[in-house]
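A.B. asks: here's my sequence, what's the structure:
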Amino acid sequence: MMVPVALMLLGALTAVLAPRLLARAEWVEREPVVALWVWQCVVAAVLLCCALSMTFSAAAAWQAVRGHLFAPAPSGVVEAYALGPTPWATVTAVVLACGGVWTGAMLTREIARAKARRARRRAELVVRAPLLPGEEPGADRLVVLEGKRPDAWWLPGAAPQLVITTAALRRLKGRQLDAVLAHEQGHAQARHDWLLHCSGALAVGFPQVPVFAAFRDEMHRLVELAADDVASRRFGRLTIALALVELNEHRGVFGPCPSTHHAHVPQRVHRLLSARPRLTAGRRLRLTAAAALVPVVPLLVAFVPALRALG
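C.D. replies: Reported below is the predicted structural model:
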């Protein structure tokens with residue numbers, strides 16, 4: 001019966017220590033793509049700990065579950081786990097199962113809301129930029145809207161489009177427009193919207209769990225840094241930095257009291273202009289491999305009794 005407890009303790013330890021270690025790491029802003037991967041592995045490990053703990057707790061609480069779970073295993077393996085019905089095993093299994101169902105419900109709701117927002121924005125786009133006779137909907141990847149404020153955003157979907165206002169076109173000079181387009185295409189190619197949906201669903205579904213709130217906040221920050229890097233590799237750091245300034249200067253984000261939603265923009269500009277060097281390929285590979293091993297640890301904890309029983 002120690003395996004479910006060990007898995008829960010491992011999940012709690014990972015949820016507490018990993019965000020603190022990542023917050024102190026100096027390489028995160030230099031390699032946002034690697035940081036995105038590390039965060040995903042950490043959250044996957046926490047969720048895997050919960051799922052495995054639920055499975056073993058259910059096996060301890062109910063003979064039917066235990067029979068299905070250990071059906072192909074020798075009797076010595078079943079005895080090695082020392083699973084027996086206890087009140088807390090039943091409670092743990094039920095609570096974790098409810099948490100899994102709630103996670104699925106929150107993710108479904110988040111995706112449904114995102115689709116509704118996308119449909120609403122596309123309907124607004126049709127009203128503000130009606131199709132000309134003979135023009136197919138979604139045929140143009142770039143849509144220009146009349147607007148007094150400089151703005152640009154990527155509209156994902158089956159036919160993704162970059163929407164930009166006329167004020168932005170007047171302010172963006174030279175290759176800055178191409179850099180903005182490359183930035184938004186970086187979001188689309190890496191499917192950053194799915195990362196934001198998943199992290200948002202976990203944060204909304206479990207607001208009392210700090211690791212999920214930190215996961216959501218870091219996903220919003222890191223996907224922007226990763227897209228900035230995509231644009232800067234093609235058009236230069238100065239070009240995308242100036243484009244960010246032109247698109248956000250009217251929002252007052254560079255003043256003493258920037259709005260919370262755009263508070264990260266000055267940090268992004270400073271990061272681009274400071275031009276800190278990337279990590280070496282070897283170190284990036286080591287970080288990626290080490291992160292991939294984090295979800296393996298719960299599996300090792302779960303299978304240690306079985307491996308010992310099999311000699």
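A.B. asks: list the buried ones in the helix-or-strand element of the chain with minimal mean pLDDT?
C.D. replies: Within the chain, no helix or strand scores below helix 75-81, which has a mean of 73 by mean pLDDT, DSSP states H and E. For helix 75-81, a neighbour-count test (16 or more other Cβ atoms under 10 Å) marks Val77, Val78, Ala80, Tyr81 as buried. To be clear about C-beta, it is placed using only N, CA and C from the backbone, and glycine gets the same treatment.
A.B. asks: make TSV from the residues you listed and add distance to Arg284 to it.
C.D. replies: Shown next, in TSV, are the buried residues of helix 75-81 (distance: Cβ to Cβ, whole Å):
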residue	distance to Arg284
Val77	40
Val78	43
Ala80	40
Tyr81	39
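A.B. asks: of those, which is the nearest to Glu26?
C.D. replies: Tyr81 (42.4 Å; Cβ to Cβ).
A.B. asks: now the closest one. Nearest residue, chain neighbours left out?
C.D. replies: Pro305 (5.1 Å; Cβ to Cβ, 6 or more residues apart in numbering).
A.B. asks: quick one: the residue nearest the centre of the chain from Val127, how far?
C.D. replies: For the chain, the residue nearest the mean C-alpha position is Leu195 (3.3 Å; Cα atoms, centre = their mean). Per Cβ to Cβ, to the nearest Å, Leu195 is found 30 Å from Val127.
A.B. asks: need the next SSE after the biggest helix by length in the chain, C-terminal direction.
C.D. replies: Looking across the chain with DSSP state H, the single longest helix is helix 87-128. Counting by DSSP states H and E, the next helix or strand C-terminal to helix 87-128 is strand 142-145.
A.B. asks: list the contacts of Val294.
C.D. replies: Thr14, Ala18, Cys41, Val42, Ala44, Ala45 (Cβ atoms under 8 Å, 6 or more residues apart in numbering).
A.B. asks: quick one: buried ones out of the residues you listed?
C.D. replies: Thr14, Ala18, Cys41, Val42, Ala45.
A.B. asks: those: which two are farthest apart?
C.D. replies: Using Cβ to Cβ, these span at most 9.9 Å, a distance reached by Thr14 and Cys41.
A.B. asks: stretch 246-254: which residues count as buried?
C.D. replies: So, applying 16+ other Cβ under 10 Å, buried residues of stretch 246-254: Glu246, Leu247, Asn248, Arg251, Val253.
A.B. asks: do the same with stretch 114-122
C.D. replies: Ala114, Arg122.
A.B. asks: neighbouring contacts of it?
C.D. replies: In contact with stretch 114-122 (Cβ under 8 Å, 6+ apart) are residues Leu155, Pro156, Gly157, Asp193, His197.
A.B. asks: swap in stretch 150-162?
C.D. replies: 118, 121-122, 125, 137-143, 163-165, 167-168, 170-172, 180-181, 184-185, 187-188, 193, 246-247, 250.
A.B. asks: now do it: distance from first to last residue.
C.D. replies: 14 Å (Cα to Cα, to the nearest Å).
A.B. asks: returning to what we had before: just the buried ones from the contacts of stretch 150-162, in PyMOL syntax?
C.D. replies: Per 16+ other Cβ under 10 Å, the buried members of the contacts of stretch 150-162 correspond to this PyMOL selection:
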select buried, resi 122+125+163+164+165+167+168+171+172+180+181+184+185+187+188+193+246+247
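A.B. asks: what helices or strands is whichever strand or helix holds Met54 leaning on?
C.D. replies: Met54 belongs to helix 32-61 when elements are defined using DSSP H and E. Packing partners of helix 32-61 (3 or more Cβ pairs under 8 Å, 6 or more residues apart in numbering; DSSP states H and E): helix 2-24, helix 63-69, helix 87-128, helix 192-205, helix 210-235, helix 281-293, helix 296-309.
A.B. asks: worst mean pLDDT among those helices?
C.D. replies: With a mean of 77, helix 63-69 has the lowest mean pLDDT of the helices and strands packed on helix 32-61.
A.B. asks: chain center to it: distance?
C.D. replies: Relative to its chain's centre, helix 63-69 lies at 35 Å (Cα atoms, centre = their mean, to the nearest Å).
A.B. asks: give me the contact list for that helix.
C.D. replies: Outside helix 63-69, the residues touching it (Cβ under 8 Å, 6+ apart) are Thr55, Ala58, Ala59, Ala60, Val78, Leu83, Pro85.
A.B. asks: mind listing what's buried in that helix?
C.D. replies: Val65, Arg66, Leu69.
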